[in-house]
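Student: below are the sequence and a predicted model; questions follow.
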Amino acid sequence: MKSFRNRLLVTILGWLGMLLAGLFTVIGQLFPMYAESGGQTRVWLILGLLFAAAMLFSAIIGHRIIKIHSLPIENVTETALELVKGNYRARAYEYSTGGTVQLSSTINVLARNLQEITATRETEQERLKTLIENMGSALIMIDRQGTVSLVNKTFLDEFSLSDQVTENKFYKEIDIPPVVEKFIDHVFMTETSARDQVSFDERLSTKHLDLYGAPVIGKHERWLGIVIVAHDISALKRLEQVRKDFVANVSHELKTPVTSIKGFTETLLDGAYKDTPSLLAFLEIIQKESNRLEMLIKDLLDLSRVEKADFQVEAKPTDMKKVIERAEELVRPRLEEKSIRLETELASVIVQGDANRLIQVMTNLLVNAITYSASETTIRVDLSQQQSEAVVHVKDQGIGIEASEIDRLFERFYRVDRARSRNSGGTGLGLSIVKHLLEAHQGRVEVESAVGVGTTFTIYLPLAK
């Protein structure tokens, strides 16, 4: 810009020099005439005034020319430098006169376009970043040198890592399970898409991951690296195992009574019905197994209903003391059969619940206590109120439960002592039904047990409003 102004100034001065040279030539021709007539002093005075006027006129014209031609170009240059620095908000002043109007307008259009492109790019980058950070799957990108270029929060949480540990590190340097590292090696070395399901031990459980890897291809088919996406499918694997166990358990539970009924029926048809004592004994067994089938089917239907997402109980103010007393009446024959004493200490507590469902809960808990208690022992039931909850304790003197098995008590078909519960006619679904019914009442159940001492089930129910 300075060189342009200098060249412009030299041009103006040259033009003024030529003007002054012509002026002095004319004066030089007239000067002898005036000098001969005795007006030499007056001539020099006139020449001085003319020179001063010429200089003033030259300065005004020069300043005007510089202002018209130099300042717009200087302003456009400064704006262009700001755009180079990344300041796309900079704008050039659009002068109304001169030949730089189109230049200023063009540079401003360029600045606006750059600003819009930058804003669009920033918006897209923010959207992409938000998508990557909040996606449910873990994601890691590795460049062609094997350096980690991008990881999302899910990946860091999945493998208990931090940004400092993974940032600009070689992927083999970060602490990830060997099976995952092996999968990354395969995708990185073959430069082809791959998918696999892997599992590895994490603390006290097994984690299952569905892995997908693909190469990242840029312009002109240039390989830029790979991207790995990992989705945790541990919950799906557990559900699949629960489904398999459920089918296997139902098949086993149905097979036993059906086999018994079929076997004794065939024996009777083969002629055993002629022997009255055998006939009565076999019919009793068939009736017992039929009752067991009926109980199993009933519990399965109940469990199916209470496990539905839209299952609700008809909650209303209910006397919990009467509920427990009714459940006691229902299990009285079982108590007398094993000579088990039932001790109760019941306060008058009104809960918000469905009386029939709560009777089912208490009956299942008492039947469970009777099943795992020896003859001539004691079962104790206490009912009290603690703050805004009703608390019921069902304590037996049974075989007890190992600490490692307590978490599995409420699984379908799970039994602490399979032989004893099966011989007593249990289905293995009672405690699972108890858990779901209490959750439907906004309540909960807790278990405390010691092997050889006994077990205490404690249920909590909200009081009536």
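Tutor: All right, it came through fine. Everything quoted here is computed from the prediction, not taken from an experiment. Numbers count the residues shown, from 1 in each chain.

Student: when you work out contacts or count neighbours from here on, use the C-alpha atoms and nothing else.
Tutor: Noted.

Student: hey, where'd the strands end up in the stretch 151-300 of the chain?
Tutor: Listed in chain order, the strands of the stretch 151-300 of the chain (DSSP state E, counting those that start in this stretch) span 194-202, 205-217, 223-232.

Student: can you list the strands that the longest one pairs with?
Tutor: In the sheet containing strand 205-217, the strands it pairs with under DSSP bridges are strand 194-202 (antiparallel), strand 223-232 (antiparallel).

Student: pick the most deeply packed of those.
Tutor: strand 223-232 (a mean of 20; mean count of other C-alpha atoms under 10 Å).

Student: let's see it as PDB, backbone CA atoms only.
Tutor: Written as PDB, here are the backbone C-alpha positions of strand 223-232 (Å, rounded to 0.1, in the frame of the first residue of the first chain):
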ATOM      1  CA  TRP A 223      -7.200 -44.800   3.200                       C
ATOM      2  CA  LEU A 224      -7.300 -42.500   6.300                       C
ATOM      3  CA  GLY A 225      -7.600 -44.900   9.100                       C
ATOM      4  CA  ILE A 226     -10.400 -47.000  10.800                       C
ATOM      5  CA  VAL A 227     -13.400 -46.500  12.900                       C
ATOM      6  CA  ILE A 228     -14.600 -49.000  15.600                       C
ATOM      7  CA  VAL A 229     -18.100 -49.000  17.100                       C
ATOM      8  CA  ALA A 230     -18.800 -51.100  20.200                       C
ATOM      9  CA  HIS A 231     -22.300 -51.800  21.600                       C
ATOM     10  CA  ASP A 232     -22.900 -53.300  25.000                       C
END
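
Student: flag the shaky bits of the stretch 51-200 of the chain, pLDDT-wise.
Tutor: Scanning the stretch 51-200 of the chain for pLDDT under 70 picks out 51, 54, 58-59, 61-70, 95-100.

Student: centroid-nearest residue for the protein?
Tutor: Central residue of the chain (C-alpha atoms, centre = their mean): residue 136, 4.7 Å from the mean position.

Student: make sure I have this right: that one is in a helix.
Tutor: No. The assignment for residue 136 is coil, going by DSSP: H, G, I helix; E, B strand; the rest coil, so no helix is present there.

Student: what sits against the residue lying closest to it once chain neighbours are set aside?
Tutor: Distances taken as C-alpha to C-alpha, 6 or more residues apart in numbering put residue 154 closest to residue 136, at 6.9 Å, once the chain neighbours are dropped. Neighbouring residues of residue 154 by C-alpha atoms under 8 Å, 6 or more residues apart in numbering: 133-139.

Student: let's have the strands paired with strand 205-217 in a markdown table, adding distance to residue 162.
Tutor: Listed next are these as a markdown table, based on distance: least, C-alpha to C-alpha, whole Å:
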| stretch | distance to residue 162 |
| --- | --- |
| strand 194-202 | 18 |
| strand 223-232 | 17 |
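
Student: so for residue 129, which of the ones you listed sits nearest?
Tutor: Closest of the strands paired with strand 205-217 to residue 129 is strand 223-232, at 15.1 Å (criterion: C-alpha to C-alpha).

Student: now tell me what touches the closest one from outside.
Tutor: With C-alpha under 8 Å, 6+ apart as the test, strand 223-232 has contacts from 136-146, 155, 184, 187-188, 191, 207-218.

Student: average pLDDT for it?
Tutor: The predicted model assigns strand 223-232 a mean pLDDT of 88.

Student: still on that earlier bit, so how do I select the buried members of the contacts of residue 154 in PyMOL?
Tutor: Command for PyMOL that selects the buried part of these, burial taken from 16 or more other C-alpha atoms under 10 Å:
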select buried, resi 133+137+138+139
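
Student: quick one: which of the contacts of residue 154 is nearest to residue 441?
Tutor: residue 136 (32.3 Å).

Student: phi, psi for that closest one please.
Tutor: Here is the backbone geometry of residue 136 (degrees, to the nearest 10): phi -70, psi -10.

Student: go on, residue 167?
Tutor: Taking degrees, to the nearest 10 as the convention, residue 167 sits at phi -60, psi 120.

Student: show me where the stretch 101-250 of the chain has helices.
Tutor: 101-134, 153-158, 163-166, 178-190, 234-269 (DSSP state H, counting those that start in this stretch).

Student: export the ones you listed as a markdown table, with columns for distance to residue 357.
Tutor: A markdown table is the format used below for those (distance: least, C-alpha to C-alpha, whole Å):
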| stretch | distance to residue 357 |
| --- | --- |
| helix 101-134 | 42 |
| helix 153-158 | 41 |
| helix 163-166 | 52 |
| helix 178-190 | 49 |
| helix 234-269 | 24 |
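
Student: nearest to residue 399, out of those?
Tutor: Of all the helices of the stretch 101-250 of the chain, helix 234-269 sits nearest to residue 399, with 23.2 Å by C-alpha to C-alpha.

Student: next, the angle from that closest one to strand 194-202.
Tutor: Calculated by axes from the mean of the first three to the mean of the last three C-alpha atoms, to 10 degrees, helix 234-269 forms an angle of 80 degrees with strand 194-202.

Student: does helix 234-269 pack against any helices or strands, and if so which?
Tutor: Using 3 or more C-alpha pairs under 8 Å, 6 or more residues apart in numbering; DSSP states H and E, the elements in contact with helix 234-269 are strand 205-217, helix 276-306.

Student: about what we covered before: so of the contacts of residue 154, which two are at opposite extremes in space?
Tutor: Greatest spacing in the contacts of residue 154, by C-alpha to C-alpha: 134 and 139 (10.6 Å).

Student: just give me the neighbour total for residue 190.
Tutor: 11 (other C-alpha atoms under 10 Å).

Student: any idea how far residue 89 is from residue 445?
Tutor: Distance, residue 445 to residue 89, by C-alpha to C-alpha, to the nearest Å: 65 Å.

Student: tell me which of these two has more neighbours.
Tutor: Neighbours were counted for residue 445 and for residue 89 using other C-alpha under 10 Å; residue 445 has more, 17 against 13.

Student: so for the helix or strand hosting that one, mean pLDDT?
Tutor: Taking DSSP states H and E as the criterion, residue 445 maps to strand 444-450. Across strand 444-450, pLDDT averages out at 89.

Student: got the CA positions of that strand in CSV?
Tutor: Extracted in CSV, the C-alpha atoms of strand 444-450 (Å, rounded to 0.1, in the frame of the first residue of the first chain):
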residue,chain,number,x,y,z
ARG,A,444,-40.0,-53.5,48.4
VAL,A,445,-38.7,-56.7,50.0
GLU,A,446,-35.4,-57.4,51.8
VAL,A,447,-33.8,-60.7,52.9
GLU,A,448,-31.5,-61.6,55.8
SER,A,449,-30.4,-65.2,56.3
ALA,A,450,-27.8,-67.4,58.0
